[in-house]
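[1] Next input, structure requested:
(3 chains)
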Amino acid sequence: MVRFLLRRAILAAMVTLTVLVVAFALTRLSGDLAVSIAGPNATAEDVATIRKNYGLDRPLPMQFLEWAANAASGDFGRSYLYRAPVAGLIKDRLPITIGLGLSGLTIALLTAIPLGILSAMREGSLLDRAIGLIALIGQAMPSFWLGLVLIIGFGLKLQWLPISGVDTWDGYILPGIVLAFSAIPALLRLTRAGMIEALASDYIRTARAKGLSTASVVLKHALRNASMPVVSVAAVQLGFMLGGSIVIETVFALHGVGYLAWESISKNDFPVVQAVVLLLAMIYVGLTLIADMMNAVLDPRLRAG
Amino acid sequence: MTARSISTGLGLFIVGAIVLIALGAGLLAPHDPFTQDLMYRMVPPRWMDGGTSLHLLGTDQLGRDYLSRLIYGARISLLIGSLTVVTSGLIGTTLGITGGYFGGRIDDAVMFAITCRLAIPLILVALTVVALVGSSLTVVVLTLGLLLWERFAVVARTTTMQVRNLDYIAAARAAGASTAHILIKEILPNILTHLIVVATLEMALAILLEAALSFLGLGVPPPLPSWGLMIAEGKDYMFFSPWVIMVPGIALFVLVFGINLLGDGLRDLLGVSQRR
Amino acid sequence: MKPVLEIANLRVGFSDGTAAVRGISLNVLPGETHCLVGESGCGKSVTALSVMSLLGRGAKRSAEVMRFHDRDLTRMSDREMARLRGDKMAMIFQEPMTSLNPAYTVGSQMAEVLERHRHVSRAQGLDRAAALLGHVGITAPGMRLSQYPHQLSGGLRQRVMIAMALMCEPELLIADEPTTALDVTVQAQILRLLQGLQRQLGLALLLITHDLGIVARMAQRVSVMYAGQIVESATAEALFAAPAHPYTQGLLNCVPIPGKTPRDQPLGSIPGVVPRIGAGFIGCAFRDRCTHATTACSGDIPRRSVAQHHETLCTMAPS
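    Residues are numbered from 1 along each chain as shown, chains lettered A, B, ... in the order given. Alright, predicted model coming up:
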């Protein structure tokens, strides 16, 4: 187990390093950064000055090494736009994005797991089909559009919930629902498949032969075994949701990391973009590691191996 | 008729109808999708108060006929969806078959590439690339194509591994067939059904992503009538005239829903196990 | 003596039209081992599962009588049935490797039976579990309690299953091929254990097996099952001494029974396979494989008494 986790940790480090290179290359190879920063009305002189000031005239490997070394010590450079350290900008906005991701994940799990269980218990029934349809609808729903529709419906017509900002906790509900929609189909299908497999297993027959209540048979004995793949995918989905928050934060005008990234991209503020790409990649890698560890907790067979 | 065949039929009908509409856009669209008519701005659809039979689905903020833009928008969605899938399918299948067939270090490298790709935040990187290179249809297709290959790779890899050790591959090898011949003539046809199913799901995803990019202003450039762009342009008016975002949004949903129905149906039809 | 379990005319059908059990009747007396013997697919496991109300959703069960002591099992709700299962009647299964939940410790899985039916604390449940593990011959029971199923061998797991079935001191234990998946030496140990426990606790044991060696060793009464029917039932002695049904005779010819099969006689075999029986089937299901079959075998087959407590379902049998 320890060896397994160690190997995963090394892999995670390698992945992060690769993404680091990609994030750097992304902003340097796809155009002349100095021209982009200077804007359309800049003279050749302006561009030259910018190139020199930002150190863009030095060889790329040098620039990369310097940036990577600084990034490793937590210094992601300064934002061209905000004229402030990138790390601070991100730190201020991260709680909103994390809160958004977690509320999305919570809503997704609270919807997908009960529905998946019901679907599995009534496999082939009308209810099962209806739940399957929900998954299909969720999969086809354009998240940004759903966000706008919810804003019109709940925020404006019914006036139940705030439609922008997260000054109060209920500001997370609508964006959370929208984010959850994208994760529900995968989680639902996985819960259903896992539960169908678990419910057909010999140990469930034993549990029923012991006279345990349906709740205990389903929730304690079957769900525990069906939950492992769900945990892995939930972690991955949380990563995707944080990545997808760029769209949702724009729709709901939430000033989180996603909004910052969108702003930076539109304004050519590349130190911020690089840092956000790196951050999201690291969060993703970290989440998959956590999922591996949680599975080891859930499955005693993994712990021993 | 089973419920499954009904839903597959519905998917086929939706996709078929939208493909026909896209192909016959020139004949079907009542107006030119780019012609502005500032006298007729934000005319509501026919069935609403103030609607006119001249513009069945109304007009947008520049007085362009909404129905015509919607019809031409189907072209953009389908074009980007299919071209992206071709690009990403080529990349992913090549990587997946290579890793699955050769195994060992090569397979490790392929797996590593897949893991790295998953760690890269999709929308963020796509937006960045489009912002740097400039928005155009080609750029969107290439960007999405370069990013959406991982599921092709995963599926191609696992199915190749299953097929690799079967007798007829061994027989082909014993008969002295070249590796390229085995990969293309023996393995590819046998994993094709799986790849087709992946292709439908990825096409749906690509269409949604294009719409999201266009919505954020870094996808298909205006004045092209991308459905995502139409929603973005209508956003400012949605509080007073919700239909401006409902019309393209529903179109987008129906198309993606149809493709997914078709994909699920194909999966059952082709006997591909549900493994996701 | 009043039977612990009384079944009359039990029928089980599946939604695909298969008739798995076609009107069987049997009684299990207190302290008795009743063996239900037959080839795989003959309906013996389905019989056991239907007694426990553990059939899947596609199965339909009906019975004239199905009684556990004075309680009518046919009229009990799922909830009442669940209260009875694991308490007064328990069951162990063929696959010890997969019948325990991989995610929970042995102790937890055993203790929850007592917690459920006797409303005791976890500590009391674990105490009882440890005592029973010792009883079924597991050394260091305290250590085993905190182990997970994957850390135990097949034989140990089956011992755990047996101990778990005994948690609430059941009066009826149904054992569905309890030794089939085990090594031969372990098989003997488990059978000896079951025999010992039965004597000590006065258990009624319904033992399901395809192995006539086990029948010869364990059974007081035997019911031979073929294609969803009991084709012959007798005391073990009578059955081995004078099998009345051609199928039983064929079965006995196929296997050497210690002390019963003459040394110089070659073993036989039964040609053909068990047919799949639909709902409307009439006649003897064994007729296609039977060397004595006549036209009468396609009609209704009477159940005849060969001797006292010895019945068979065959046209040939003397009435």
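[2] Quick check: nearest residue in space to residue 299, chain neighbours excluded?
    Answering for chain A, as no chain was given. In space, and not counting its chain neighbours, residue A:299 is closest to residue A:228: 5.8 Å by C-beta to C-beta, 6 or more residues apart in numbering or on different chains. Using the backbone N, CA and C atoms, a C-beta is placed for each residue, glycine as well.
[3] sorry, should have said chain C
    Using C-beta to C-beta, 6+ apart, the closest residue to residue C:299 is residue C:283 (6.1 Å).
[4] who are the neighbours in contact with that neighbour?
    Counting by C-beta atoms under 8 Å, 6 or more residues apart in numbering or on different chains, residue C:283 makes contact with C:297, C:298, C:299, C:300, C:301.
[5] From those, pick the one nearest chain B.
    residue C:298 (38.1 Å; C-beta to the nearest C-beta).
[6] Isn't the closest one up against residue C:286?
    No - shown here, residue C:298 and residue C:286 do not form a contact pair, counting by C-beta atoms under 8 Å, at 11.9 Å.
[7] Those two: which is more packed in?
    residue C:286 (25 against 13; other C-beta atoms under 10 Å in any protein chain shown).
[8] all helices for the chain, in order.
    As the question left the chain open, I've gone with chain A. A:2-29, A:33-38, A:44-53, A:60-72, A:86-121, A:126-140, A:143-150, A:173-199, A:202-209, A:214-215, A:223-251, A:257-266, A:270-298, A:300-304 (DSSP state H).
[9] my bad, chain C
    Using DSSP H, the helices of chain C run over C:44-51, C:78-84, C:106-118, C:122-135, C:141-145, C:154-165, C:184-201, C:212-218, C:236-241, C:246-254.
[10] Let me have these in CSV, extended by mean pLDDT, mean neighbour count and distance to residue A:151.
    CSV is the format used below for the helices of chain C (pLDDT from 0 to 100; neighbours: other C-beta atoms under 10 Å in any protein chain shown; distance: least, C-beta to C-beta, whole Å):
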stretch, mean pLDDT, mean neighbour count, distance to residue A:151
helix C:44-51, 92, 24, 55
helix C:78-84, 91, 15, 47
helix C:106-118, 95, 22, 49
helix C:122-135, 93, 18, 51
helix C:141-145, 92, 18, 56
helix C:154-165, 92, 25, 56
helix C:184-201, 89, 16, 67
helix C:212-218, 90, 20, 71
helix C:236-241, 90, 18, 78
helix C:246-254, 86, 20, 75
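[11] For these, give me CSV that also has distance to residue A:84.
    Output for the helices of chain C, formatted as CSV (distance: least, C-beta to C-beta, whole Å):
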stretch, distance to residue A:84
helix C:44-51, 70
helix C:78-84, 64
helix C:106-118, 55
helix C:122-135, 57
helix C:141-145, 60
helix C:154-165, 63
helix C:184-201, 72
helix C:212-218, 81
helix C:236-241, 91
helix C:246-254, 88
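[12] so what's the residue positioned nearest the centre of chain C up against?
    Most central in chain C under C-alpha atoms, centre = their mean is residue C:208, positioned 2.7 Å from the mean C-alpha point. Taking C-beta under 8 Å, 6+ apart, we find residue C:208 in contact with C:35, C:36, C:37, C:44, C:45, C:47, C:48, C:174, C:175, C:176, C:177.
[13] Skipping its backbone neighbours, what lies nearest the fifth one in space?
    Think residue C:45. Per C-beta to C-beta, 6+ apart, closest to residue C:45 is residue C:176, 5.4 Å.
[14] Tell me, how many residues neighbour residue C:302?
    Residue C:302 has 11 neighbours, counted by other C-beta under 10 Å.
[15] Could you do residue A:270 as well?
    26.
[16] Thought residue A:298 was touching the residue nearest to residue A:299, still the case?
    Yes - between residue A:228 and residue A:298 a contact is recorded at 5.4 Å, counting by C-beta under 8 Å.
[17] Tell me which of these two has more neighbours.
    residue A:228 (20 against 16).
[18] who touches the spatially closest residue to residue A:282 that is not a sequence neighbour in this structure?
    Sequence neighbours aside, residue A:16 is the residue nearest to residue A:282 in space, at 5.6 Å (criterion: C-beta to C-beta, 6+ apart). By C-beta under 8 Å, 6+ apart, residue A:16 lies in contact with A:278, A:281, A:282, A:285, B:119.
[19] where's residue A:226 relative to residue C:274, distance?
    The gap separating residue A:226 from residue C:274 is 35 Å, by C-beta to C-beta, to the nearest Å.
[20] The two: which has the busier surroundings?
    For residue A:226 versus residue C:274, the count of surrounding residues by other C-beta under 10 Å is larger for residue A:226: 25 against 18.
[21] count of neighbours near the nearest residue to that one once chain neighbours are set aside?
    Closest residue to residue A:226 apart from its sequence neighbours, by C-beta to C-beta, 6+ apart: residue A:194 at 3.2 Å. The local packing of residue A:194 (other C-beta under 10 Å) involves 21 other residues.
[22] what number of residues lie near residue 6?
    No chain in the question, so chain A it is. By other C-beta under 10 Å, 10 other residues sit near residue A:6.
[23] if you could check chain C rather than the one you did, that'd help
    Using other C-beta under 10 Å, residue C:6 has 20 neighbouring residues.
[24] Please name the residues that touch the nearest residue to it once chain neighbours are set aside.
    In this structure, residue C:6 finds its nearest non-sequential neighbour in residue C:67, 4.4 Å apart by C-beta to C-beta, 6+ apart. Listed by C-beta under 8 Å, 6+ apart, the contact partners of residue C:67 are C:3, C:5, C:6, C:7, C:73.
[25] for residue A:285, what are its contacts?
    By C-beta under 8 Å, 6+ apart, residue A:285 lies in contact with A:12, A:15, A:16, B:119.
[26] picking that back up, are any of the contacts of residue A:16 buried, and if so which?
    Neighbour counting with 16 or more other C-beta atoms under 10 Å in any protein chain shown marks A:278, A:281, A:282, A:285, B:119 as buried within those.
[27] from those residues, which single one is nearest residue A:257?
    Proximity of the buried ones among the contacts of residue A:16 to residue A:257, judged by C-beta to C-beta, is greatest for residue A:278, which lies at 11.7 Å.
[28] Just the pLDDT at the closest residue to that closest one other than its chain neighbours, thanks.
    Leaving aside its sequence neighbours, residue A:278 sits nearest to residue A:23 (C-beta to C-beta, 6+ apart; 5.3 Å). With respect to pLDDT, residue A:23 scores 81.
[29] In contact with residue A:23, which residues?
    Taking C-beta under 8 Å, 6+ apart as the test, what residue A:23 contacts is A:273, A:274, A:277, A:278, A:281.
[30] Grab the nearest non-local neighbour of the last one.
    Excluding the flanking residues, the one nearest residue A:281 by C-beta to C-beta, 6+ apart is residue A:19, at 4.0 Å.
[31] returning to what we had before: partners of the residue nearest to the centre of chain C in the sheet?
    For residue C:208, the beta-bridge partners are residue C:36, residue C:176 (DSSP bridges).
[32] Show the pLDDT at it.
    Confidence at residue C:208, expressed as pLDDT, is 94.
[33] who in chain C is up against chain A?
    For chain C, the contact set with chain A under C-beta under 8 Å from any C-beta of the partner chain comprises C:52, C:54, C:78, C:82-87, C:90-91, C:93, C:95, C:98-105, C:112-113, C:116-117, C:148, C:150-151, C:161, C:164.
[34] Could you list which of these also contact chain B?
    Near chain B, by the rule C-beta under 8 Å from any C-beta, you find none of these.
[35] TSV for the contacts of residue A:16, including distance to residue C:170 and pLDDT?
    Shown next, in TSV, are the contacts of residue A:16 (distance: C-beta to C-beta, whole Å; pLDDT from 0 to 100):
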residue	distance to residue C:170	pLDDT
A:278	62	88
A:281	58	90
A:282	56	89
A:285	53	90
B:119	55	90
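[36] Perfect, that will be all.
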